[in-house]
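In: quick check, what structure comes out for this input:
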Amino acid sequence: MKVKAIAIGNTLMEDDGVAIVVLEKIKGELIKKNIEVIIGETDFGYSLSLIEDGDFIFFIDAVYYGKKPGEITVISLEKYKGQKKYYTQHDCSIVDLMKLYFKNINGYIIGIEIGEISFKYGLSNVIKNNIDAISNKVLKEITSRI
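Out: Below you'll find the predicted structure:
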C-alpha cells in the first residue's frame, strides 16, 4: 500500500487551482513522510494511471459548499456518493472513475472552499492571503489520518 496525495483543479480558473498551489507548498513535508505527491490538475487519465489497487489516496480539490473561503471539508472515500446518472464522459468525477476501476482503495477527499471562480490565472485575494494557513490545515489533515 502506498499513500498518495493528488491535487485536482485548474489554475486558469482562479480558486479552482487552490489544491495545486497547496500541494506544491506542502510537497516537501509530504515526501518526508513517504507520501507520493501527484499534481493531477484536470488530467484524470494521468492521475488514474498512477493509482494502484490497495493505495490510500488523499484527493485535494476546490469545493463550494457555501462555507467560509479557505475552510476545509474532509469526506472519506467510503462515504462519498457520486452522481447516479451519467450523460457524458464529463459527468464523471475522478473519484467516480477510481471507484469504477479500483475496488480496494481507501482514503479521503479534502475539499478547500473557494472564494471566486473565473477565467483568471492565480488565486483570489481571500485565498491568496490565507494560503499558508490553508496549506498547514491540509497538511495537518493528511498527517493525522495516516
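
In: so who does Ala7 touch?
Out: Contact analysis of Ala7 by CB atoms under 8 Å, 6 or more residues apart in numbering lists 19-20, 22-24, 37-41, 60-61. To be clear about C-beta, it is placed using only N, CA and C from the backbone, and glycine gets the same treatment.

In: could you turn the buried ones of those residues into a ChimeraX selection?
Out: Selection of buried members from the contacts of Ala7 for ChimeraX, criterion 16 or more other CB atoms under 10 Å:
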select :19,20,22,23,37,38,39,40,41,60,61
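
In: closest to Asn125 among the contacts of Ala7?
Out: Set against Asn125, the nearest of these by CB to CB is Val22 (16.4 Å).

In: what's downstream of the helix or strand bottoming out on mean pLDDT in the chain, the next helix or strand?
Out: Here the helix or strand of the chain ranked lowest by mean pLDDT, DSSP states H and E is helix 94-101, holding a mean of 67. Proceeding C-terminally, helix 94-101 gives way to strand 106-113 as the next helix or strand, assigned by DSSP states H and E.

In: list the buried residues for the helix or strand that comes right after that following strand?
Out: Counting by DSSP H and E, the next helix or strand C-terminal to strand 106-113 is helix 125-128. Neighbour-count burial for helix 125-128, counted by 16+ other CB under 10 Å, picks out Ile127.

In: return the distance of helix 125-128 from the chain's centre.
Out: Centroid separation for helix 125-128 versus its chain: 18 Å, with CA atoms, centre = their mean, to the nearest Å.

In: pull the CA atoms of it into PDB?
Out: Extracted C-alpha coordinates of helix 125-128, given in PDB (Å, rounded to 0.1, in the frame of the first residue of the first chain):
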ATOM      1  CA  ASN A 125      -7.200  37.700  -2.800                       C
ATOM      2  CA  VAL A 126      -9.100  36.000   0.100                       C
ATOM      3  CA  ILE A 127      -7.500  32.600  -0.700                       C
ATOM      4  CA  LYS A 128      -4.100  34.000  -1.600                       C
END
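
In: ok, and what's touching the longest helix seen in the chain?
Out: Longest helix of the chain, by residue count under DSSP state H: helix 18-32. Under the criterion CB under 8 Å, 6+ apart, residues 5, 7-9, 11, 37, 39, 41, 60-62, 112, 114, 123, 127, 131-132, 134-136, 138-139, 142-143 lie in contact with helix 18-32.
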